[in-house]
Each structure stands twice: as structure tokens, then as C-alpha cells.
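S.K.: predicted model follows, preceded by the sequence.
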Amino acid sequence: MGDNNLKNPTIELKLPIIENMELVATQTADVVSRHMQLSEEKSGEITLALIEACINAFEHSSAEDEIYIHFIICDDNLTIKVIDRGAGFDSDNVETPSIEQKLASDERKRGWGIMLIKELMDSVSFESDHTGTTVTMVKKRDENE
């Protein structure tokens, strides 16, 4: 198909904030993972991290209408950016929930998203101000893949 001569091909999605719309992003992630010949384990980790990042953007950004997701395919890694035009947040001030307190309470078991994304991906960074937030997640390709 001649797509191998594209340098760092990028897929850009614009998703309306509608329930379950993150599934469009995860289907795209599956296609990209297959194209990159990533392991099933890595593909699964990417999918979980992407769901968390989308749900965070849908629920916490106060974005009015849509979020943007960019998949940037490189020789040695996949970079995914989840971008919203919401209110922004200070990633340094997000508290990691206490497992004991969460399990003992009736409150919804929430607040794990950022911690989970950091566990699942090789690197994660946040850029956020009053114009919105960009979450950049990178998954490295192993030498043997």
C-alpha cells in the first residue's frame, strides 16, 4: 500500500463528548497497534490508558463539545495526545487516593485515572492552562517487536 514511506504518520480524531465515544478512540488504537505490530499486552495497556484519558477529558475538563486525539506513529514508539479545550487543571495538585479510605467508604472508586495512565504508559506528561489540557502518552516499541 505504500504507507511505509510516510514519516511519522499521524491519525487525528475529533470526538464529540457523547457517552461511549471513547470506544472510537480505542478502535483506532487497536488498528494502530496492529499496524505497528505491538504485542497484545502493549495494545491492551494503550487501550486502558486511552480510556482513562478520554474519560478524564469528558468528565473533568468542562470542555463544551469535543476532544481531540492524535496518534503519532514513530519507528520506536507511539505517541498519543488527548486534547481538550476545557478549564485546565494543575496535575501536581491531583491527589492519589488512599486505597484504604476508598475501600472503606461508599464513595465511587474514582481518582485512579492519572496514576493508572502513568503505570500503563512509558511516559506521560500534562500541559494545562485556562485554554485546555493536553495529555501526552508514549508507549515504546520493544526491540524484538
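M.R.: Here it is on my side, so go on. Residues are numbered from 1 along each chain as shown.

S.K.: any idea how far residue 42 is from the closest residue to residue 122 other than its chain neighbours?
M.R.: In space, and not counting its chain neighbours, residue 122 is closest to residue 140: 4.7 Å by Cβ to Cβ, 6 or more residues apart in numbering. For every residue, glycine as well, the C-beta is placed using N, CA and C. According to Cβ to Cβ, to the nearest Å, residue 140 and residue 42 sit 9 Å apart.

S.K.: for the protein, which residues score under the pLDDT cut-off?
M.R.: Scanning the chain for pLDDT under 70 picks out the ranges 1-5, 90-111, 143-145.

S.K.: could you say which helix or strand contains the residue most central in space within it?
M.R.: Nearest to the geometric centre of the chain sits residue 50, at 3.2 Å (Cα atoms, centre = their mean). Using DSSP states H and E, residue 50 sits in helix 40-60.

S.K.: for that helix, which positions count as buried?
M.R.: 42-43, 45-54, 56-58 (16 or more other Cβ atoms under 10 Å).

S.K.: so which of those residues is the closest to residue 17?
M.R.: The closest of the buried residues of helix 40-60 to residue 17 turns out to be residue 58 (Cβ to Cβ; 5.2 Å).

S.K.: quick one: residue 27 from residue 52, how far?
M.R.: Using Cβ to Cβ, residue 27 is found at 16 Å from residue 52.

S.K.: please disregard the earlier target; I meant residue 13.
M.R.: Relative to residue 52, residue 13 is positioned 16 Å away (Cβ to Cβ).

S.K.: the residue nearest to residue 122 reaches residue 75, doesn't it?
M.R.: No. Residue 140 lies out of contact with residue 75 (Cβ atoms under 8 Å); the separation is 10.8 Å.

S.K.: out of these two, which sits in the busier spot?
M.R.: residue 140 (15 against 8; other Cβ atoms under 10 Å).

S.K.: for that one, which residues make a bridge with it?
M.R.: On the basis of DSSP bridges, residue 140 is bridged to residue 77.

S.K.: can you pull out the helices in the chain?
M.R.: Along the chain, counting by DSSP state H, helices occupy 22-35, 40-60, 99-104, 113-120.
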